[in-house]
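Participant: here's a sequence, model it:
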Amino acid sequence: MFRISFTPAAFCVALLLVSGAAFGVGNEAASPASDAGGTAPAAGTGPPAAAAPAAADALPDIVVTAQHLDEERSHIQTQTGASTYTIDAQAIAATPGGANTLLNQVVLQAPDVVQDSFGQFHVRGEHAGLQYRINGVILPEGIAVFGQTLDPRLISSISLITGALPAEYGLRTAGIIDITTKSGLQAPGGFVSIYGGSHGEIQPSLAYGGGAGSFSYFVTGDFIRDDLGIESPDGSSNPIHDHTTQYHGFGYFEDILNDENRVALMLGSSVGKFQIPDLYGEEPALGLHVGDLSTFPSQDLNENQREVTQFGAVSWQHSVGALNVQSSLTARYSSLTFVPDFPGDLLFTGISQDAYKQNVAYAVQSDAGYTLDDAHTLRGGVFLQTDHSISETASQVLLADPAGPGGYGTVPTTLIDNGTATEWIYSAYLQDEWKPLPDFTVNYGLRFDKFTAYTADKQVSPRLNVVWQALSDTTVHAGYSRYMSPPPFELVGGKDVTLFASTSAPPLSPNAGLPQAEHANYYDAGVQQKVTRELTLGLDTYYKQSTNLVDEGQFGAPIILTPFNYRYGKQYGAEFTTNYATGGFTAYLNLAVQSAKGKDIDSAQFNFSQTDLDYIAHNWIHLDHEQQRTASGGVSYAHEGTRVSADFLMGSGLRADLELPPGQTNGYGGDDIPNGEHLPYYTQMNVGISHVFDVANAGTLTARFDVINVFDKIYEIRNGTGVGVGAPQFGARRGFFFGVSKSL
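Facilitator: Numbers count the residues shown, from 1 in each chain. Predicted coordinates:
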């Protein structure tokens, strides 16, 4: 099959050239508006450095302008009343593994974030629903499942924004992953690094930033080779057939046109190749024959998946007087190719499916803030996105034959199920941040969203948030948000259910309703208390009630998630955070409890057995990604170039089916309760040590040693049962890793 891969780089460069004529010249920018919000301190970091205006005078004018524009850009968006948890580059470097870890491992440091297989993580009981932003620019979603497109080395700071979100945040509302990149202008230089160890891992990387005059750049690149590409299916330290190679690249380029305008270009690319790991010593159990072949050792299966994501964005920022504006054009290409094992897959599962998905997206985004006076700051914006998806599958199955082995023939038949579709998204918002009293802030606004794809929907969503500085060290926040979240278009496939009737891969149910948009009411309230200069405590609670709750599951051999809906959903929970920093010592601890339930599956029913559908139609069940208790924490101590650190993750386990005693049923013909129990508790501890050596006239050399899963805890993330769960996965076993990086 011949396929053309779209790359957005040339598209964005052309946009940059065309857009240059549109940049106007304005008056000198005024001071930014204040931005109150419920913001937690960074995990594992010390107190923020105090501003030093006198030092700024010694900096080149262009650097001062860049700092000013960065500050103005940060105030275009507001986090008033939302729950915000920030981790900076220093905190990332202080954790075991440092920037060599994947992005999901960084986000797992935040409260109420639950780890899952394939690099997934869940925020506040949501399956996905995450929106990624870089320097304020929304990145359209991709298809990649366990590929990590974004490299922690590019991060200056990363914030998880969740709760009752202000009006500028929409469509994906479980959490906003807001990233600010490093700057080659304000922090020139970089490093080259090599890192690796257990599981055959080797990871060379490079990061460098610099500039000349008003132009600056920052680039990163890395290569990963690992024999533990996906979670082990049996808990072994070195699973069979689990090799991966991955390439990641990112570049950020900006030119400061004058004191009030700058243009920026952002490019990123990720290519990942994954073997699907095998179990050892199993044989097909369906009784099928392909020709004369009926046996096949499970360790000989050879399934492979390739994921590609490329994106580019060109932005213009204009800050003059009371007005701040940033406008962007974005393009994103994403594809996934799954190559099955034939005839192994067919014998084991009844189907051998070659699958290919591609999605190309373009988006226009513009956000603005305007300070009316000391009491009012207006913010508004528009967002337009269109994407086009291609889904191609070639499935080899056996046709039903009562006289054949297992009730099927022995000669495979290929079924073709291809389709294309286009989505349009239109969004706009307007809000006012009002300070009726010096210690009281109200942010209220409206958001409008509309989409047309496989289905269509629209909604006007009111938002209201308040922040009260009750005491000098006590901040209280509360909010309400109305949400509409379309199903992830890039994952929806128009599967022809009737095509597979009377084959060895029949649909489990004849119904195939299309996924619908989720509508929800979200309530959030919390308090943050600064006990001492070094110690800060926080408590946050939330409740969400939804219709057509969007969930996702893995159905079949390809590692492609498929969205579906519960007609009703409810999630609630509480989070406790604490951060302590003094001198070279920092520590953090997060504790969270949650409940996430759904009732009545009303789309993509063909993926579920009729007994499960009947039970869930009449009973609330736990969502498969619910983890009722979660904790994370870490400590770090630095002294004279040496840093020692440790962190941990604790969880009460994701959900699994509850098997009933022999002879009992769940009242609807099934012998289990869907998602009726949780997997065992687990705790994973990691430690690391690093030292910075000064090299005469040649910068610095940093050496590090990390131990991941110190106590070699064997824990199961998934056991292969549960609603939408495809296979068992275990957390990584103990690993020893070494790294050396040289400053440039």
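Participant: going forward, measure contacts between C-alpha atoms and count neighbours the same way
Facilitator: Fine.
Participant: low-confidence bits of the stretch 1-150 of the chain, can you list those?
Facilitator: 1-59, 145-147 (pLDDT under 70).
Participant: actually the chain, sorry about that
Facilitator: 1-59, 145-147, 493-495, 556-558.
Participant: again, only this time at 50
Facilitator: Residue ranges of the chain with pLDDT under 50: 1-57.
Participant: where is the longest helix in it?
Facilitator: In the chain, assigned by DSSP state H, the helix with the most residues is helix 61-74.
Participant: what is it packed up against?
Facilitator: strand 304-320, strand 323-339 (3 or more CA pairs under 8 Å, 6 or more residues apart in numbering; DSSP states H and E).
Participant: as TSV, those with distance to residue 679 and mean neighbour count would be great.
Facilitator: Below are the helices and strands packed on helix 61-74 laid out as TSV (distance: least, CA to CA, whole Å; neighbours: other CA atoms under 10 Å):
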stretch	distance to residue 679	mean neighbour count
strand 304-320	28	24
strand 323-339	29	23
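Participant: dump those strands to CSV, plus distance to residue 144.
Facilitator: Formatted as CSV, the helices and strands packed on helix 61-74 follow (distance: least, CA to CA, whole Å):
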stretch, distance to residue 144
strand 304-320, 6
strand 323-339, 7
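Participant: so where do the strands sit in the stretch 51-200 of the chain?
Facilitator: 83-88, 113-115, 121-123, 130-134, 137-139, 155-162, 175-181, 189-197 (DSSP state E, counting those that start in this stretch).
Participant: sheet partners, orientation included, of the first one?
Facilitator: Translated: strand 83-88. Its sheet considered, strand 83-88 pairs with strand 38-40 (parallel), strand 155-162 (antiparallel) by DSSP bridges.
Participant: out of those strands, nearest to residue 88?
Facilitator: strand 155-162 (3.9 Å; CA to CA).
Participant: now name the helix or strand holding residue 596.
Facilitator: strand 585-601 (DSSP states H and E).
Participant: so how far is the helix or strand just after that strand off the chain centroid?
Facilitator: Sequence-wise, the next helix or strand downstream of strand 585-601 (DSSP H and E) is helix 610-618. Taking CA atoms, centre = their mean, to the nearest Å, one finds the center of helix 610-618 at 31 Å from the center of the full chain.
Participant: how much space between the closest residue in space to residue 192 that isn't next to it in sequence and residue 536?
Facilitator: Distances taken as CA to CA, 6 or more residues apart in numbering place residue 206 nearest to residue 192, at 4.5 Å, with adjacent residues excluded. Counting by CA to CA, to the nearest Å, the separation of residue 206 from residue 536 is 36 Å.
Participant: now do residue 381
Facilitator: Counting by CA to CA - residue 381 and residue 536 are separated by 34 Å.
Participant: and residue 710, by the same measure?
Facilitator: Taking CA to CA, one finds residue 710 at 29 Å from residue 536.
Participant: and those two? which has more neighbours close in?
Facilitator: residue 536 (20 against 16; other CA atoms under 10 Å).
Participant: hey, what's the more buried one bridged with?
Facilitator: residue 530, residue 579.
Participant: ok, residue 319 next?
Facilitator: residue 324.
Participant: list the contacts for it?
Facilitator: 29, 69, 72, 260-261, 325 (CA atoms under 8 Å, 6 or more residues apart in numbering).
Participant: possible to save those as TSV with distance to residue 335?
Facilitator: Listed next are the contacts of residue 319 as TSV, based on distance: CA to CA, whole Å:
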residue	distance to residue 335
29	43
69	35
72	36
260	39
261	35
325	33
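Participant: so which of these is the closest to residue 160?
Facilitator: Out of these, the member with the shortest distance to residue 160 (by CA to CA) is residue 72, at 20.2 Å.
Participant: give the contact list for the residue nearest the centre of the chain.
Facilitator: Central residue of the chain (CA atoms, centre = their mean): residue 130, 5.6 Å from the mean position. Going by CA under 8 Å, 6+ apart, residue 130 touches 172-177.
Participant: which of these sits closest to residue 569?
Facilitator: Using CA to CA, those come closest to residue 569 at residue 174, 13.8 Å.
Participant: neighbours of the residue lying closest to that closest one once chain neighbours are set aside, how many?
Facilitator: Leaving aside its sequence neighbours, residue 174 sits nearest to residue 129 (CA to CA, 6+ apart; 4.9 Å). Using other CA under 10 Å, residue 129 is surrounded by 20 other residues.
Participant: for residue 532, same thing?
Facilitator: Other residues lying near residue 532 total 10 when counted by other CA under 10 Å.
Participant: ok so it is a strand residue?
Facilitator: No - in this structure, residue 532 is coil, not part of a strand, as judged by DSSP: H, G, I helix; E, B strand; the rest coil.
Participant: give me the longest strand you can find in the protein.
Facilitator: strand 413-437 (DSSP state E).
Participant: for that strand, buried residues please.
Facilitator: 417-418, 421-435 (16 or more other CA atoms under 10 Å).
Participant: list the contacts for the spatially most distant residue from the centre of the chain?
Facilitator: Seen from the C-alpha centroid of the chain, the residue lying at the greatest distance (CA atoms, centre = their mean) is residue 403, 49.4 Å away. By CA under 8 Å, 6+ apart, the contact list for residue 403 reads residue 409.
Participant: phi, psi of it?
Facilitator: phi -90, psi -10 (degrees, to the nearest 10).
Participant: can you tell me how far it is from residue 67?
Facilitator: In terms of CA to CA, residue 403 sits 77 Å off from residue 67.
Participant: could you do residue 254 as well?
Facilitator: 13 Å.
Participant: more crowded one of the two?
Facilitator: residue 254 (23 against 15).
Participant: if you skip the residues just before and after it, what's nearest to that one?
Facilitator: residue 264 is the one closest to residue 254 (CA to CA, 6+ apart), at 4.0 Å.
Participant: any idea what the one you found is bridged to?
Facilitator: Counting by DSSP bridges, the residues bridging with residue 264 are residue 254, residue 315.
Participant: ok, now which ones touch it?
Facilitator: 252-255, 314-316.
Participant: wait, residue 128 touches residue 176, no?
Facilitator: No - Residue 128 is beyond contact range of residue 176, at 11.0 Å (criterion: CA atoms under 8 Å).
Participant: of these two, who's got more company?
Facilitator: residue 176 (23 against 19).
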